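Asker: Provided below for reference: sequence and predicted model.
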Amino acid sequence: MKHPKDYLIFPLDVPTIQEAGRYVALLKDHVGIFKVGLELFIKTGPDIVVEIRKTAADARIFLDLKLHDIPETVFRAMQGVASLGVTYATVHCGESKKMLEAAVRGAGGKVHLLGVTVLTSVAKEDIRSAGYDASLADDVGLLVQKKAGMAMQAGFAGVICSGHEAGEIKNTCGESFLAVTPGIRPAWDVPNDDDQARVMTPARAIRNGSDHLVIGRPIRDAKDPAMAARQVLGEIEETLQQH
Ligand code: C5P
């Protein structure tokens, strides 16, 4: 059985390698996957991968660069990503399957690719004002499904989506197609400055079929981040037992 900590992805959304290293040391017993995003990677480059390995040798690394460019550029960038020895990497599903296929070629089977469907910070009004058809704006889930289908056909391992869409993605793309869900807010977390729109609790996301939960600020900004991570693991464990 999957261990509760394998569900938890902690984004190292901090500006320096030192601060990232501190969070890795603090959370390595509770977090199965550390995510490196643009903020940190722009500052550290591949050194952050070495730093994480040094402190948490067993943890998996998720390089969340959310690539989106012409196929040749994505292909070449993904070759570079594949050479770093990370487990997961992201590409925006975008508009063209060719770009996604180029990413798969670049990954050469060394990295599990996750497609970014519709960011969890995006709401209906955003989709409408971006010029999408009203039927897609009124049903964000449908847009997410279309993008997930494209990623699956291109050979991706899964997608990033909200917990609301995970169940349907599993139904249409198959049980082994990964649904990785950010926008997770434990019931005890009351944010006062939050840009996530399509949120849900860890328990509900898992019940809906989510394979991994990205939980950042509720842990990073807690008075005691290790304790907050333990609380999340407790909720995950309880949910798994009821499942
Ligand atoms: O839990 P919190 O909102 O702090 O998590 C933010 C992290 O989740 C960031 O690293 C962000 O890049 C990531 N993320 C997201 N929505 C997506 C994909 C990734 O918030 N759709």
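Answerer: Done, it's in. From a predicted model like this one, the values you see are computed outputs, not experimental measurements. Numbering: from 1, shown residues only.

Asker: Going along the chain, name the helices of the chain.
Answerer: 4-7, 17-27, 38-44, 47-55, 71-82, 97-107, 124-129, 134-138, 140-154, 163-173, 202-207, 217-220, 225-242 (DSSP state H).

Asker: got the buried residues for the third one?
Answerer: What it means is helix 38-44. L40, F41, T44 (16 or more other C-beta atoms under 10 Å). For the C-beta atoms, the positions are set from N, CA and C on the backbone; glycine is no exception.

Asker: is it anywhere near the ligand?
Answerer: No: using C-beta under 6 Å from any ligand atom, helix 38-44 never reaches the ligand; the gap is at least 7.8 Å.

Asker: Repeat that for the second one.
Answerer: No: under the criterion of C-beta under 6 Å from any ligand atom, helix 17-27 makes no contact with the ligand; the nearest approach is 12.3 Å.

Asker: Which elements pack onto that helix?
Answerer: Secondary-structure packing of helix 17-27 (3 or more C-beta pairs under 8 Å, 6 or more residues apart in numbering; DSSP states H and E): helix 38-44, helix 47-55, helix 225-242.

Asker: Closest residue of this protein to the ligand?
Answerer: Relative to the ligand, the nearest point of the chain is G216 (2.7 Å; C-beta to the nearest ligand atom).

Asker: What is the neighbour count of that residue?
Answerer: By other C-beta atoms under 10 Å, the residues close to G216 number 17.

Asker: That one contacts Y23, doesn't it?
Answerer: No: the pair G216 / Y23 is not scored as a contact, 10.3 Å apart, by C-beta atoms under 8 Å.

Asker: could I get the buried residues of helix 38-44 as TSV with pLDDT?
Answerer: Converted to TSV, the buried residues of helix 38-44 look like this (pLDDT from 0 to 100):
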residue	pLDDT
L40	98
F41	98
T44	97
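
Asker: any residues touching the helix or strand of the chain with the lowest mean pLDDT, and which ones?
Answerer: The weakest-scoring helix or strand in the chain, judged by mean pLDDT, DSSP states H and E, is helix 134-138 (a mean of 84). Helix 134-138 is contacted by residues K124, E125, I127, R128, L142, L143, K146 when judged by C-beta atoms under 8 Å, 6 or more residues apart in numbering.

Asker: In that helix, which residues are buried?
Answerer: L136, A137.

Asker: Give me the ChimeraX select line for the contacts of helix 134-138, limited to the buried ones.
Answerer: The following ChimeraX line selects those of these that are buried, judged by 16+ other C-beta under 10 Å:
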select :124,127,143
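
Asker: So which of the contacts of helix 134-138 sits lowest on pLDDT?
Answerer: Ranked by pLDDT, the contacts of helix 134-138 bottom out at K124 (85).

Asker: which parts of the chain sit against the ligand?
Answerer: So the chain meets the ligand at 11, 13, 37, 64, 116, 119-120, 160, 182-183, 196, 214-217 (C-beta under 6 Å from any ligand atom).

Asker: residue ranges with poor pLDDT in this structure?
Answerer: Low-confidence segments of the chain (pLDDT under 70): 190-198.

Asker: beta partners for the residue nearest to the residue of the chain closest to the ligand when sequence neighbours are not counted?
Answerer: Nearest residue to G216 in three dimensions, chain neighbours excluded: P11, at 4.3 Å (C-beta to C-beta, 6 or more residues apart in numbering). P11 has the following beta-bridge partners by DSSP bridges: K35.
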